[in-house]
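Asker: Sequence unavailable; structure follows:
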């Protein structure tokens, strides 16, 4: 009976065979591992769309080495010379994956999708990768970028990198980068690191940028740091980006020039920093939201926008032809949103929508605008290649602004509506505006407008094209009413279209405006000019005005009554003035009134015809009956381009001043024959003479001139008089009684503001005049006072009248100093009055070289007046 | 030798002739200063002025008509009808200008004109009024300097000196709080 093996032996045999088999199997597997890897890896990669070929695989204790790995994919092609995987068996774990000389070319194709997931496992895996001398080339339709000679090594911080210091598990990167676009190319080195635990990264690149067109070169220095966060649905990253030395390529980024005090060099600060939150879903969209900060740049000085916050979204598509951008930012706290969408090759057009919307926006946020106040702003712009529409609404409250001392407004409350359309086929813009105001004040010196009193609105609509601005309709209501149609303004642009080269006079088909006269008089004349012309304060017009423009020209009508200091000065005034706009013809006008009362003048119904041409205005003949006589003027013409004012044949015929002023002690008749009056700034010179018939004699004025616009209105003439009856004159002046005839002249008489400024007077009695020559005691006394004093002896006072042989004196005034001389000189004495042959009185000037101040002369005249009153 | 002597004589005579040319330059600084002092004091009420109303106005029948209105004028170092009347106008305006000088709204510049210094404390309507007042005052001052220069036979080229002398007087008589410019570009408050 065979011996049955014991259960224990059987068990030992089975275990022995099992371990032997297992050992043989494991040994076989270990021997076959390179073969397995070589065969299985292409199969696994193929399932992911990759074609992979491995030349040789070697395995050993704790390592696997793969030689010459060729990878081919629709988007990626290249090879890796060697992959070394190092691992440990006790404990089991991956130590390092080393890629030597990877050389890849990447051609992205966004039309295909991928299930690639950037997750924590991948991050852990990438943290084990080191690369030696790699090459990657990225090619798109508009970009070629390459990263060459790059290496990634774990935990080896280059000495040049100072931060971040906490990258305990960082991989460092170094290499050379090259980027080429149709506009620029950039070449430089790149260094960086990535902490695989915190996923923080830090990248730096320095190099040179070349502008393809100009071959201008500039250095760049780019630094960026941030964090990459793996997400379930993609990758998000935050990054801070600083770029320096880009301002020479993008001049608009340049800031204000500053001077370095120590070196005197000019430096241009140019600082752009970006922090962005990037969210990239491989097959769906790319979304970037973040902040762009422009410090000390020209852009920030122009827009006053130091920070732009925005969101940019783009649907993944080939060559970016399908997508949209959605940006919102708030320059100076003004919320702006922009949406740009382009349907791409299958769509027809791109379109853009921009909007601004803000309630109670504080205008003081606008840098450099000098504005302050609040307002509601709503604006939308819709743009396609062929059409754009703009609608805007602005409702401002208490808005203030000041450009300088002469131009400002404050407390403005106003509402503005604006709507415009651009039609690409017509190449013109049609627009409509509606502006209303009801509060505030405007200063356009010298005019000040109180908009509460002048509340109103203006509505306009029209079109704008390359050479013409056309107002189809303008209507104004408020302080005056205005309606205009077809007002066009032609202009031309300079070659660069940056500025208008020429404006032309507007063409007006029809315009009509009218209103009360009181408001424009108050605002445009009285308030600004009454400081210089005080009479404007006393002048009050009550009436209406009208302006009409049509093909015939411009006509202005004023119908009013004028009041001065409460008195009715002109009743029924009617001004009908015209101006030829669209024609070279001269147009007639008319000034008329029913009654003019300016004491002592009182003129009834008067008409003065006018002729108005493009460059001049003329009126005449004018005949105005006055004081039992007549003033006539053949013509007065004003030529404004030449600043020429001419009067022709100004005549006064039989004007009796006593009829105007009955209280005049003398009959005074005036006749004038002034052939011509010619304006030569600031003086109006007259050719001709003015004759005054009074006291039985004549006074002739010649070389007459007036300066009506001088600081003090001035008048001048040379005067000659003769045969004036001294009896009438002395009686009229209450100067005692003198008989005889007076003759003399006044040279260079100048009156300023109604007061004598200078003259040289010579007067004497006419020795050949018939009749007695007597002078009263009172007259002698007054001449004596005028001469500076001197008392008449008691003996002399016994007579009331003295005979005289001659009276003669000269008097001049200059700089408020009078000089008085007697004309009769005998025995070294100057006589003002020389006595008769037997008796009489001598008035001697004892101080012939003395000058009498204006004040002293006034004192003397006052003494004469006082003596008369006593 | 004689030729040399002739040349020498000719040159000597030319030198003698040219050495005899005399250029007289006279600027009547004392007179201008005296006029400026009197005008500034009179305009700003530092001397009592007789009320023109006291003198009465002559009727049109009297050739002494101007006596009444002119009597209030003070005797000046230099004067004429234009100067007197401009001065009267400035004096009437000074009552309106004084508060703005005191507030520092307007200042006395180094060239004898008023300038607007600070309008921050006044509203737009008042600013317009101040500007009009300053404009009118400066217009009168310019006319005044011109009239004084003409009366003293000061050539136009020396007008700036007349302005400077007047500027010092305006600054001296300005009320407290007024901004003054003693030297060009250097402002201080009185």
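Answerer: It's in. All figures in this text were calculated on a predicted structure; none of them were measured in a lab.
Asker: the bottom helix or strand of chain A by mean pLDDT?
Answerer: Least confident helix or strand, chain A: strand A:266-267 with a mean of 43, by mean pLDDT, DSSP states H and E.
Asker: got it, and chain B?
Answerer: Scoring the helices and strands of chain B by mean pLDDT, DSSP H and E places helix B:52-55 at the bottom, with a mean of 33.
Asker: Look up which residues are beta-bridged to residue A:400.
Answerer: Following DSSP bridges, residue A:400 is listed with bridge partners residue A:372.
Asker: Kindly report the same for residue A:471.
Answerer: With beta bridges defined as DSSP bridges, residue A:471 has these partners: residue A:462, residue A:487.
Asker: That one - how many residues pack around it?
Answerer: Residue A:471 is flanked by 21 other residues according to other CB atoms under 10 Å in any protein chain shown. Using the backbone N, CA and C atoms, a C-beta is placed for each residue, glycine as well.
Asker: tell me the contacts of it?
Answerer: Contacts for residue A:471 were tallied using CB atoms under 8 Å, 6 or more residues apart in numbering or on different chains; they are A:460-462, A:484, A:486-488.
Asker: Show the buried residues in those residues.
Answerer: In these, burial by neighbour count holds for A:460-462, A:484, A:487-488, counting by 16 or more other CB atoms under 10 Å in any protein chain shown.
Asker: Flag the shaky bits of chain B, pLDDT-wise.
Answerer: For chain B, residues meeting the criterion pLDDT under 70 lie at B:1-25, B:46-77.
Asker: Show me the residue at the heart of it, geometrically.
Answerer: In chain B, the C-alpha nearest the mean C-alpha coordinate belongs to residue B:145, at 4.1 Å (CA atoms, centre = their mean).
Asker: Which residue is the nearest non-sequential neighbour of it?
Answerer: Counting by CB to CB, 6 or more residues apart in numbering or on different chains, residue B:145 lies nearest to residue B:162, which is 5.1 Å off, once chain neighbours are set aside.
Asker: Check the offset of whichever strand or helix holds that neighbour from the chain's centre.
Answerer: Residue B:162 is part of helix B:159-172 when elements are defined by DSSP states H and E. Relative to the mean C-alpha coordinate of its chain, helix B:159-172 is positioned 6 Å out (CA atoms, centre = their mean, to the nearest Å).
Asker: what's that helix packed up against?
Answerer: In terms of contacts (3 or more CB pairs under 8 Å, 6 or more residues apart in numbering or on different chains; DSSP states H and E), helix B:159-172 is packed against helix B:29-43, strand B:106-108, helix B:124-151, strand B:179-183.
Asker: from the ones you listed, which stretch is densest packed?
Answerer: The highest mean neighbour count among those, using mean count of other CB atoms under 10 Å in any protein chain shown, belongs to strand B:106-108: a mean of 25.
Asker: partners of that strand, with directions?
Answerer: strand B:114-116 (antiparallel), strand B:179-183 (parallel).
Asker: who does residue A:691 bridge with?
Answerer: For residue A:691, the beta-bridge partners are residue A:671, residue A:700 (DSSP bridges).
Asker: Isn't it up against residue A:674?
Answerer: No - counting by CB atoms under 8 Å, residue A:691 sits too far from residue A:674 to count as a contact (11.0 Å).
Asker: If you count neighbours, what's buried in stretch A:719-727?
Answerer: Buried residues in stretch A:719-727 (16+ other CB under 10 Å): A:719, A:721, A:724-727.
Asker: from these, which ones fall inside helices?
Answerer: Using DSSP state H, the subset of those located in helices is A:726-727.
Asker: how about the buried residues of stretch A:719-727, which pair is most distant?
Answerer: Among these, the pair separated by the greatest distance (CB to CB) is A:719 and A:727, at 21.2 Å.
Asker: on that earlier part again, include distance to chain B and pLDDT when you put the buried residues of stretch A:719-727 into TSV, please.
Answerer: Shown next, in TSV, are those (distance: CB to the nearest CB, whole Å; pLDDT from 0 to 100):
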residue	distance to chain B	pLDDT
A:719	13	96
A:721	13	96
A:724	12	95
A:725	16	94
A:726	14	93
A:727	16	93
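Asker: Around chain B, which positions in the stretch 501-650 of chain A sit nearby?
Answerer: Proximity of the stretch 501-650 of chain A to chain B (CB under 8 Å from any CB of the partner chain) is limited to residues A:527-528, A:531-532.
Asker: Okay, and which of those map to helices?
Answerer: Those of those lying in helices (DSSP H): A:527-528.
Asker: Which single one of the residues of the stretch 501-650 of chain A next to chain B is nearest to chain B?
Answerer: Distance to chain B across these (CB to the nearest CB) is lowest for residue A:531, with 4.4 Å.
Asker: residue contacts, that closest one?
Answerer: B:93, B:132-133, B:135-136.
Asker: And residue A:691 and residue A:674? Which one has more around it.
Answerer: When residue A:691 and residue A:674 are compared for neighbours, residue A:674 comes out ahead with 20 against 15, by other CB under 10 Å.
Asker: Local confidence estimate at the closest residue in space to that one that isn't next to it in sequence?
Answerer: Of all residues not flanking residue A:674 in the chain, residue A:688 sits nearest, at 3.7 Å (CB to CB, 6+ apart). Per-residue pLDDT puts residue A:688 at 89.
Asker: Who does residue A:224 form a beta bridge with?
Answerer: Beta-bridge partners of residue A:224, counted by DSSP bridges, are residue A:203, residue A:241.
Asker: and it, how far is that from residue A:192?
Answerer: Distance, residue A:224 to residue A:192, using CB to CB, to the nearest Å: 9 Å.
Asker: How about residue A:709?
Answerer: For residue A:709 relative to residue A:192 (CB to CB), the value is 80 Å.
Asker: higher neighbour count, these two?
Answerer: More neighbours surround residue A:192 than the other of residue A:709 and residue A:192, with 22 against 11 (other CB under 10 Å).
Asker: contacting residues for the more buried one?
Answerer: A:172-174, A:201-204.
Asker: Could you identify the most distant pair in the residues you listed?
Answerer: The span of the contacts of residue A:192, defined through CB to CB, is set by A:174 and A:201 at 13.9 Å.
Asker: Those two: who's more crowded?
Answerer: Neighbours per residue (other CB under 10 Å) separate residue A:174 from residue A:201, with residue A:201 holding more: 22 against 18.
Asker: Give me the spatial nearest neighbour of that one, chain neighbours excluded.
Answerer: Closest residue to residue A:201 apart from its sequence neighbours, by CB to CB, 6+ apart: residue A:194 at 4.5 Å.
Asker: what's around that neighbour, how many residues?
Answerer: If you count neighbours by other CB under 10 Å, residue A:194 ends up with 21.
Asker: what's the answer for residue A:552, then?
Answerer: When counting by other CB under 10 Å, one arrives at 14 neighbours for residue A:552.
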